[in-house]
Each structure stands twice: as structure tokens, then as C-alpha cells.
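Next comes the sequence, and after it the predicted model I'd like to discuss.
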Amino acid sequence: MADTLRMVTLQLSLSLLLLGLGFWLPVVGGIPVLAAAVYFAALDCVDPALGRRGWRLKQKLHFLSRHKAVLGGFGLAAYFLLTLPGINLVTLPVATIGGTLLILATLKNEV
């Protein structure tokens, strides 16, 4: 419960910071906003799998930073599918399953 609250607080504070950046730099501000949205989409999709392993938020963020390319590509696909109306109802459960399979494959390759 506390870990979920920390994650929501992190997402909300970073989103508000980037929203302010978007107002001050309208052309360039969209790039960090997109990067943060992709990062949080990946985190939201792999969070159940990492949470079942008992990982804390700090460990999850460290794992995402170590595997930026794989999770970034996954998060980008998940983010764009989640923005489509109607399709997003099916995308979230499928993306969570995909995130679980991605975590299993990534952890298997680490060992």
C-alpha cells in the first residue's frame, strides 16, 4: 500500500513538473512529457510482476533504469495503444501480461 502511494506521488509530482516545463517551452516540452509517459506506462505494466516478487519501488526503478531499451520499447507500444479509445480497455490487461512475460524473460537472461 505504501509502495503504491509512493509510485502515485512520484508520477503526479513528475507530471506536474513536466506540465510546467511544457508551458515554458512549448515546442521542446513535449519530448520529456512523452518520455515520462512511456516510462510510467512501462512501470505500470511491469509493476504487478515485480510486486509479486516483493520488490520495493526503489528496486523497480533501478531495474527499469538498467533495462531502458527493452522496457522503453515495450512502454512506447503500450503507451500508444493505451491512448486509443476503446482499444485501451483490452490493451491494459494484455500489456500487463506482456509486462509479466517481459520481466520473466529479462530476469532469465540476467542469471
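Nice, I can see it. All values reported here derive from a predicted model rather than from experimental measurement.

Phi, psi for residue 28 please.
phi -80, psi -20 (degrees, to the nearest 10).

Please shift the residue numbers so they start at 392 in all later answers.
Noted, 392 is the first residue going forward, which turns the last one into residue 419.

Tell me, how many residues neighbour it?
Neighbour count of residue 419, defined by other C-beta atoms under 10 Å: 10. For glycine as for every other residue, the C-beta is placed from the backbone atoms N, C-alpha and C.

now swap in the one 10 residues further on and tell me
By the measure other C-beta under 10 Å, the count of residues near residue 429 is 20.

mind listing what it touches?
Contact analysis of residue 429 by C-beta atoms under 8 Å, 6 or more residues apart in numbering lists 463, 466, 467, 470.

so which strand or helix has the residue lying closest to the third one once chain neighbours are set aside?
Excluding its sequence neighbours, the residue lying closest to residue 467 (C-beta to C-beta, 6 or more residues apart in numbering) is residue 429, at 4.9 Å. When elements are assigned from DSSP states H and E, residue 429 belongs to helix 421-443.

Can you tell me which helices and strands the helix or strand harbouring residue 500 packs against?
Element membership of residue 500, judged by DSSP H and E, is helix 479-501. Here helix 479-501 touches helix 421-443, helix 459-473, going by 3 or more C-beta pairs under 8 Å, 6 or more residues apart in numbering; DSSP states H and E.
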